[in-house]
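Student: the following block contains a protein sequence and its predicted model.
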Amino acid sequence: MSEHSSNNVQKDEQKNDFIRNIIRDDIKAQKYPQIVTRFPPEPNGYLHLGHVKSICLNFGIAEEFGGVCNLRFDDTNPTAEKQDYIDNIENDVKWLGFEWAGEAHHASGYFDQLYAWAVQLIEQGDAYVDLQSPEQIRVNRGSFNEAGTPSTQRDASVEENLKLFNDMKEGKFAEGKAVLRAKIDMASPNMNMRDPVIYRVMHQAHHQTGDKWCIYPMYDFAHPLSDALEGITHSLCTLEFEDHRPFYDWAVEKIGFDVPPHQYEFSRLNVDHTLTSKRKLKQLVDEGIVSGWDDPRMPTIAGMRRRGYTPEGLRDFSERVGVTKVDSVVDFRLLEFSIRQSLETTTARGMAVLKPLKVTITNFSDAVSSWESQKADSVNARWDDDAQTLWLTQPNHPNVDMGEREIPFTETLYIDQGDYEIEPPAGYKRLSPEKPEIRLRNTYVLAVTEHVLDNAGNVVELKATIDPATLGNNPEGRKVKGVIHWVSASQGVPATVRMYEQLFSAEDPSSVADVHQALNPNSLIELDAVVEPSLANSDAGTRFQFEREGYFIADSEDHMSDKPVFNQIVSLRDSYKPA
């Protein structure tokens, strides 16, 4: 059972969807001694957001009903599969908080048995070797409006088919020159039942079996029989496999199993502005449009992990989406809502200025020299005379005990450029010539006395004073509206902050023929920021809330204390509320 399951038992018992209702009925009827599910990815790419729903459903149901869930790699196509994909898939499942039963399984581990069953089908008259070219097979399958044309080899003898299939196995046929087909119905209204190919010739080494085989089973043949071998009770697939279910049932029936598995289909996870085609995602990687499968803009689990998304947030999102038989498109903001919810009480606070504007405090020495007598009881500080720095001790979280850190306050600071406007818009509540005073977070009230412009008319520096009596408090009768964050210019650390928008500007990128036309040119913007020392000194993979800015994570690959790099996880707040 996964680490989080015990905390969710009560919540799980309240879940109610058509799949769980079927399982409850099966348990009540004592149909199976134990519920067994499986998560069966093809190791031809990295897992993506769509897989999260399937992982949570398959493993979640096994946990909820006291069953087990297998992890099985349906590795039937050696040309597209890599060990790297297998390793990352295993890491992704573990990171999401789930554990599979026993060792991970591989369809390739069943190749001997699958071959024997293919021979059984030939001997039963349920399969035959076809020597037509792939193009001829495609054309002769017919269309939705006309029946297919049977192959001339369809009625060959069992003996001839056994010999030809053995010749395929012995490497006597080139690729594309022979296939094994199931003999079902060339006039079936379901195109998947028109004598589908179940074995093809591929002179390719396999990452698990090496050079042992030069013929490989098709996915639709290996998948149901692997389920049956593993004793899967409920084979949960997305709706695009609904038309494949008749062949799934045909295969397990023809081979013969006392307790055959049954396939159930649910709606796949569709999220706006998100692409989940592994082929197109691989194209982005191969063309260098993204930095890799784990680029934080990618909808892969590896990318979302590096972006800073939490497994708790992804599981919550999956649960909120629910399980139905109706395809729909989920608002991306629901995903961000779930991630934001998971971060609120689990991330330390810190200050980072993303677009620095220099502030020089002209009365710093005089004002700070009296800090000991002027400070409020709530302020914990110490003065470093050598560095001319007032170190302020502040909690890492206002409501959760996460320890404390020291923040350096110095004569020269940075505030965000957006916190001072010469001509502020309506409703503006920060600094301007008409509103020169504001509180600096955790310290003094600051009053701007002058702004310095460059030749282009841009504000490049503020001159200001601080009120010594306002360290950590507002004296009676002293009211200042607004609080802004800041970072010491001399003690702060330059940092790269990566701001993200969605990778695709198109609402439905899968509908755009050329994936390049669906890309968002502003999906990544790098800022030269300045952060307080505690953020720079954090370990890679540590998440924070940058006060007034959002949630960020120290990048797992590039972050170093002397060259910190932070990825934006999600904005601080959004008006979106889930239904």
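Tutor: Received, thanks.
Student: so which elements touch the lengthiest helix in the chain?
Tutor: Secondary structure of the chain read by DSSP state H shows that its longest helix is helix 49-64. On a contact count with 3 or more Cβ pairs under 8 Å, 6 or more residues apart in numbering; DSSP states H and E, helix 49-64 meets helix 9-13, helix 18-28, strand 36-39, strand 68-73, helix 83-95, strand 234-238, helix 301-307, helix 311-321. In short, each C-beta sits where N, CA and C put it, glycine included.
Student: determine how far that helix lies from the middle of the whole chain.
Tutor: Distance of helix 49-64 from the chain centroid (Cα atoms, centre = their mean, to the nearest Å) equals 14 Å.
Student: any idea of the mean pLDDT in that helix?
Tutor: Summarised as a single mean, pLDDT over helix 49-64 is 97.
Student: could you export that helix as CSV, CA atoms only?
Tutor: Taking only C-alpha atoms (Å, rounded to 0.1, in the frame of the first residue of the first chain), the coordinates of helix 49-64 have been written out as CSV:
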residue,chain,number,x,y,z
LEU,A,49,-0.5,14.2,-17.5
GLY,A,50,-3.0,11.8,-19.1
HIS,A,51,-1.2,8.9,-17.5
VAL,A,52,-1.6,10.4,-14.0
LYS,A,53,-5.3,9.8,-14.1
SER,A,54,-4.8,6.1,-15.2
ILE,A,55,-2.1,5.6,-12.5
CYS,A,56,-4.2,7.1,-9.8
LEU,A,57,-7.3,5.1,-10.9
ASN,A,58,-5.6,1.7,-11.2
PHE,A,59,-3.4,1.9,-8.1
GLY,A,60,-6.1,3.8,-6.2
ILE,A,61,-8.7,1.1,-6.8
ALA,A,62,-6.3,-1.7,-5.8
GLU,A,63,-5.6,0.2,-2.5
GLU,A,64,-9.3,1.0,-1.9
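Student: relative to helix 83-95, how tilted is it?
Tutor: Angle of helix 49-64 versus helix 83-95, following axes from the mean of the first three to the mean of the last three Cα atoms, to 10 degrees, is 50 degrees.
Student: for Q545, see how far away V400 is.
Tutor: Note on V400: its distance to Q545, by Cβ to Cβ, to the nearest Å, is 11 Å.
Student: higher neighbour count, those two?
Tutor: Q545 (21 against 13; other Cβ atoms under 10 Å).
Student: against F566, how distant is that one?
Tutor: Counting by Cβ to Cβ, the separation of Q545 from F566 is 12 Å.
Student: could you do M298 as well?
Tutor: Relative to F566, and taking Cβ to Cβ, M298 is found at 18 Å.
Student: now R305
Tutor: 15 Å.
Student: which one's more surrounded, these two?
Tutor: Set R305 next to F566 and count neighbours by other Cβ under 10 Å: F566 wins out with 30 against 21.
Student: hmm, that one is touching Y551, no?
Tutor: No - with contacts counted by Cβ atoms under 8 Å, F566 stays clear of Y551, the gap being 10.0 Å.
Student: common neighbours of these two, please.
Tutor: Common neighbours of F566 and Y551 are listed as F544 (criterion: Cβ atoms under 8 Å, 6 or more residues apart in numbering).
Student: quick revisit: for the helices and strands packed on helix 49-64, which one sits closest to A529?
Tutor: helix 301-307 (17.5 Å; Cβ to Cβ).
Student: okay, that closest one in CSV with CA atoms only?
Tutor: The C-alpha coordinates for helix 301-307 follow below in CSV (Å, rounded to 0.1, in the frame of the first residue of the first chain):
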residue,chain,number,x,y,z
ILE,A,301,5.4,13.8,-15.2
ALA,A,302,9.2,14.3,-15.3
GLY,A,303,8.6,17.9,-16.6
MET,A,304,5.9,18.6,-14.0
ARG,A,305,8.2,17.2,-11.2
ARG,A,306,11.0,19.5,-12.3
ARG,A,307,8.5,22.4,-12.6
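Student: so what touches it?
Tutor: Residues from elsewhere that reach helix 301-307 (Cβ under 8 Å, 6+ apart): 46-49, 51-52, 88, 91-92, 95-96, 293-298, 314, 500, 553, 555-557, 567, 569.
Student: one more pass at 7 Å, please.
Tutor: 46-48, 51-52, 88, 92, 95, 293-297, 314, 556, 567, 569 (Cβ atoms under 7 Å, 6 or more residues apart in numbering).
Student: cool, stretch 23-41 as well?
Tutor: 47, 51, 54-55, 58-59, 61-62, 65, 67-74, 89, 93, 223, 227, 230-234, 236.
Student: would you mark the buried spots in stretch 345-362?
Tutor: Neighbour-count burial for stretch 345-362, counted by 16 or more other Cβ atoms under 10 Å, picks out 346-354, 356-357, 359, 361.
Student: isn't T149 up against R141?
Tutor: No - counting by Cβ atoms under 7 Å, T149 sits too far from R141 to count as a contact (8.2 Å).
Student: report the next helix or strand after the strand or helix carrying Y115 in sequence order.
Tutor: Using DSSP states H and E, Y115 sits in helix 111-123. Using DSSP H and E, the next helix or strand after helix 111-123 towards the C-terminus is strand 127-130.
Student: hey, C-alpha coordinates of that following strand in PDB?
Tutor: Output of strand 127-130 as PDB, limited to C-alpha atoms (Å, rounded to 0.1, in the frame of the first residue of the first chain):
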ATOM      1  CA  ALA A 127      -5.200 -17.700 -37.400                       C
ATOM      2  CA  TYR A 128      -3.300 -17.800 -40.700                       C
ATOM      3  CA  VAL A 129      -0.100 -16.400 -42.300                       C
ATOM      4  CA  ASP A 130      -0.700 -13.700 -44.900                       C
END
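Student: buried stuff in that strand?
Tutor: A127, Y128, V129, D130.
Student: can you map out the strands along the stretch 251-400 of the chain?
Tutor: For the stretch 251-400 of the chain, applying DSSP state E, counting those that start in this stretch gives strands covering 262-266, 270-271, 329-330, 348-350, 352-353, 356-361, 380-384, 389-395.
Student: kindly report the same for the stretch 101-250 of the chain.
Tutor: Ranges of strands within the stretch 101-250 of the chain are 105-106, 127-130, 179-182, 197-201, 215-217, 234-238, based on DSSP E, counting those that start in this stretch.
Student: which stretches of the stretch 301-450 of the chain have low pLDDT?
Tutor: 371-378 (pLDDT under 70).
Student: now do the chain
Tutor: The low-confidence ranges in the chain, as defined by pLDDT under 70, are 1-14, 371-378.
Student: try 80 this time
Tutor: Within the chain, the stretches with pLDDT under 80 are 1-14, 370-379, 472-477, 575-577, 579.
Student: spatially central residue for it, please.
Tutor: I301 (3.2 Å; Cα atoms, centre = their mean).
Student: how about L572, what does it touch?
Tutor: Residues in contact with L572 (Cβ under 7 Å, 6+ apart) are E549, G550.
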